[in-house]
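Novice: sequence and computational prediction follow.
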Amino acid sequence: MYASTVMAKGAGLLLKRSIFFPFKPWLINALRIAFAVSVAGVLCQIKLHYLEALTYDFRMAYKPVAETSGQVETIAIDAKTLKELQKDPDGDSHQKLIAELRKSKPRAVVYVFDPTSIKGELEEVQAFTDEAAKLDAFYYGANLLPKQGHESLLKLDPPFETIPVFPAPKTSDLNIFAKDGVTRRFIFSFDGFPTLHPLLARTYNGLQHEEDYNGLFEFIGTKQAYIHFRPTGTYKAHSFVDVMEGKVKTKQFHDKIVMVGKDTLETTKDYLRTPFSRNIVAMTNLEMHANILDTLILNQSPLLSPKWQDFLLTALISILTVFVVLTLRPTKGILILGATVSGFSLFCYLLFAVFDIWVEMTHPLLSIFICYYFFIPYRLIIENRRSWEYYQKNKLLTQVEELKSNFLRMMSHDLKTPLARIQGMADIVLRDKVRLNQDQQKAVYTIADSTEELSEFIGSILSLGRIESKEIKLNLKSKDVNDLLQKVIDKSQYLANRKNIDIITEFEPLFSVKADEDLLKQVFTNLVENAIKYSPDESKILVTTEEVDGKMVVQVADQGRGISEADLDNVFEKFYRTKDVVNSDVGGSGLGLFLAKYFVELHHGDIEVESQPGQGSTFTVSLPMDV
Ligand code: ADP
């Protein structure tokens, strides 16, 4: 009744398992991949410019600083200029500056602030514009981008009308992209017309077409690219007043693009935020223009990896994450994901630092977190269900084990009484042998032997029950082992006599040891009786005792059937009997050596066997002298 309930519970578990996992493993894997790819697909549709800009700035900030082209020189109207001139440079000062620059024959001179802001007498200003017109190339790079039909905005009012104006606008991510006010891009061309920077750059690198330039992308009617920034201070500006007064060697500017701008800290319009710093005066417009020019001259604009690559990387990393979360142990999983995050970040950094390739990091990294946190609860459910199953199975096994022990104990107890009665009756009948004929005597002896065997078996089962319920306690008393062995041999002598087996003893005088007499008797009885059982008639058994290295060693050697090498390890197992013995008519339970080993180990001793099949076996018990 109980067993059938237990079995029903087991069947229930199996049933639940098959309902829970109705899919084949390949289908489950396909579903996982489909999920990961969908996450990647959806994620790549979401624009995460701000986060991406952060990773971009990080890469830019820690990138080794690239060499400049050496073709760009900057001149700043700075604090020193204001101090020495005691005012903003007027038309006269600008005329002097240009006159000084003309001596060195620069390739072009570009004003990156509004020249109409130059104050002074009309003649002085006129003298400045006249001087400028004598240069090979003189431009005003204006911070504007006139729409078609509004080109008139690029004409300056008199007396500046002779200065050619070209758009050279400053960008900042205010309403688009990262929206953090940082300048990262420049405008290469609009409505198909190049801005000032590519026009100047091409005079050095000879690259005439848009397609020749790295990293250009389309944005609302313009072609733009990212600036290859060098940190603030890379382009050291000459002080306006120094150049004007001829304190800077003129050959410094020969054949170069000389840019003139402001660095007076009077207005934030002359400054910008950069990927290196969010400070509103992180860099002068002047230095930004120098950066843009060098980006173009050296064709170093970072190359943004295409969308499909972003999707592919995101999908691959999502798939990896899903499999890691669902199949690996949590600590290993976390380690692998940590390594993936760092490995991927390093990979992106190196591509940027070495090849100026900008691989988007945000989508792949976010996909790790999304897939991880999506599947963690699922994983927890699976783990919980698994431990619940283990718990149930364990409970079931404990119940079955308990049931078995109770059953064995009950059976053994109930068998003992009738068995004792049979043994008693057989003894009574044997006392009056004369009344029995030969066959009857043989039958009664068989009854006596069989009941003896059965009662030994029951004894073993009871011992096993006591072991399993941990009831065995050592009852230690000082004992002479030689004495104990002699008693065992005397008791087994009648068995040996029946097979004409000679038991030889060689006992060394030993000190008494503390031992449990009953248990040790059971050990030695088993060894001696096994030796008799598994030996042929007329053979010899040698039982020796000696003291070796503070241990008491008992050996029982026979000339019996022996034990094969494969069986040597198993003979001490519970219920184990070798195949040849099972197939023979030699009785036994397979418990004797298991109990012997257990009892010897209770005494902190050791039991071993050496054997040669067909030649005999030697069992060695060693017991410490002080248990
Ligand atoms: P059993 O009741 O079968 O003798 P044991 O636990 O005492 O159980 O022994 C386990 C098995 O080890 C035996 O069945 C037998 O195959 C083997 N064995 C034990 N002692 C000897 C021996 N002296 N010679 C050969 N085989 C032995």
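Specialist: Great, that's in hand.

Novice: which elements pack onto the lengthiest helix in the chain?
Specialist: As assigned by DSSP state H, the longest helix anywhere in the chain is helix 362-431. Applying 3 or more C-beta pairs under 8 Å, 6 or more residues apart in numbering; DSSP states H and E, one finds that helix 362-431 contacts helix 2-20, helix 25-45, helix 49-61, helix 307-327, helix 330-355, helix 438-468. Placement of C-beta: from N, CA and C, glycine included.

Novice: how far off centre is it?
Specialist: Remark: helix 362-431 is offset 34 Å from the chain centroid, using C-alpha atoms, centre = their mean, to the nearest Å.

Novice: ok, now stretch 171-187?
Specialist: Here the centre of stretch 171-187 is set off from its chain's centre by 38 Å, with C-alpha atoms, centre = their mean.

Novice: contacts for that stretch next, please.
Specialist: With C-beta atoms under 8 Å, 6 or more residues apart in numbering as the test, stretch 171-187 has contacts from 49-50, 52-54, 56-57, 145, 167, 169-170, 195, 197, 222-227, 272-275, 278, 280, 288, 292, 295.

Novice: please flag which of those residues sit within helices.
Specialist: 49-50, 52-54, 56-57, 197, 288, 292, 295.

Novice: wasn't F619 part of a strand?
Specialist: Yes: according to DSSP: H, G, I helix; E, B strand; the rest coil, F619 belongs to a strand.

Novice: so it bridges to which residues?
Specialist: V556, V609 (DSSP bridges).

Novice: shouldn't it be in contact with V556?
Specialist: Yes: using C-beta atoms under 8 Å, F619 is in contact with V556, at 4.9 Å.

Novice: what touches both of these two?
Specialist: Residues touching both F619 and V556 (C-beta under 8 Å, 6+ apart): 527, 531.

Novice: does the ligand sit close to stretch 560-570?
Specialist: Yes: Stretch 560-570 comes into contact with the ligand (C-beta under 6 Å from any ligand atom), by way of 560-563.

Novice: backbone torsions only: list them for V165.
Specialist: phi -110, psi 130 (degrees, to the nearest 10).

Novice: and the closest residue to it other than its chain neighbours, what pLDDT?
Specialist: Spatial nearest neighbour of V165, excluding adjacent residues (C-beta to C-beta, 6 or more residues apart in numbering): L154 at 4.3 Å. In this model, L154 is scored at 88, pLDDT.

Novice: circling back to that earlier point, which among the residues of stretch 560-570 next to the ligand gets closest to N406?
Specialist: Using C-beta to C-beta, I563 is the member of the residues of stretch 560-570 next to the ligand that sits closest to N406, with 33.8 Å.

Novice: grab the nearest non-local neighbour of that closest one.
Specialist: For I563, the closest residue by C-beta to C-beta, 6+ apart turns out to be S611, at 4.2 Å.

Novice: which helix or strand contains the one you found?
Specialist: For S611, the element it lies in under DSSP states H and E is strand 606-612.

Novice: does any part of that strand sit near the ligand?
Specialist: No: Strand 606-612 does not reach the ligand (C-beta under 6 Å from any ligand atom); its nearest approach is 6.8 Å.

Novice: could I get the phi/psi values of whatever residue of the stretch 201-350 of the chain ends up closest to the ligand?
Specialist: Here the stretch 201-350 of the chain gets closest to the ligand at one residue, R329, 41.0 Å apart by C-beta to the nearest ligand atom. The phi and psi values for R329, taken as degrees, to the nearest 10, are phi -70, psi 140.

Novice: check it and give its pLDDT.
Specialist: R329 is assigned 86 on the pLDDT scale.

Novice: how many residues are close by it?
Specialist: As a burial measure, R329 scores 8 neighbours (other C-beta atoms under 10 Å).

Novice: and the longest helix of the chain with helix 330-355, angle?
Specialist: Orientation check (axes from the mean of the first three to the mean of the last three C-alpha atoms, to 10 degrees): helix 362-431 against helix 330-355 gives 150 degrees.

Novice: where does the closest residue to S460 other than its chain neighbours land on pLDDT?
Specialist: Spatially, and ignoring its direct neighbours in sequence, S460 is nearest to L591 (4.1 Å; C-beta to C-beta, 6+ apart). pLDDT, L591: 90.

Novice: from F511, how far out is L591?
Specialist: 31 Å (C-beta to C-beta, to the nearest Å).

Novice: who has more neighbours out of those two?
Specialist: L591 (22 against 11).

Novice: first vs last residue of stretch 246-262, how far apart are they?
Specialist: 19 Å (C-alpha to C-alpha, to the nearest Å).

Novice: next, count neighbours for D580.
Specialist: When neighbours are defined as other C-beta under 10 Å, D580 has 15 of them.

Novice: just the element for it, please.
Specialist: Using DSSP H and E, D580 sits within helix 579-582.

Novice: touching that helix from outside, list them.
Specialist: 534, 561, 567, 588.

Novice: so can I have CSV of those residues showing distance to I467 and pLDDT?
Specialist: CSV is the format used below for the contacts of helix 579-582 (distance: C-beta to C-beta, whole Å; pLDDT from 0 to 100):
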residue, distance to I467, pLDDT
Y534, 24, 95
R561, 28, 94
D567, 23, 93
G588, 18, 85
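
Novice: now for the nearest residue to K105 once chain neighbours are set aside, how many residues are close by?
Specialist: Distance criterion C-beta to C-beta, 6+ apart; nearest residue to K105, sequence neighbours excluded, is H254 at 5.7 Å. By other C-beta under 10 Å, 14 other residues sit near H254.

Novice: quick one, what contacts the closest residue in space to T68 that isn't next to it in sequence?
Specialist: Leaving aside its sequence neighbours, T68 sits nearest to D294 (C-beta to C-beta, 6+ apart; 5.3 Å). Neighbouring residues of D294 by C-beta under 8 Å, 6+ apart: 68-69, 71-72, 228, 230, 300.

Novice: would you map out the domains in the chain?
Specialist: 25-55+306-395, 67-299, 472-624 (automatic domain parsing).

Novice: one step back: do you know how far the residue nearest to T68 is from Q300?
Specialist: Applying C-beta to C-beta, the value for D294 to Q300 is 7 Å.

Novice: go on, G562?
Specialist: 86 Å.

Novice: how about F186?
Specialist: For F186 relative to Q300 (C-beta to C-beta), the value is 12 Å.

Novice: the more surrounded of these two?
Specialist: Neighbours per residue (other C-beta under 10 Å) separate F186 from Q300, with F186 holding more: 24 against 19.

Novice: the helix or strand harbouring the more buried one pairs with which strands, parallel or anti?
Specialist: Taking DSSP H and E as the criterion, F186 maps to strand 185-190. Sheet pairing of strand 185-190 (DSSP bridges) gives strand 193-194 (antiparallel), strand 222-226 (antiparallel).
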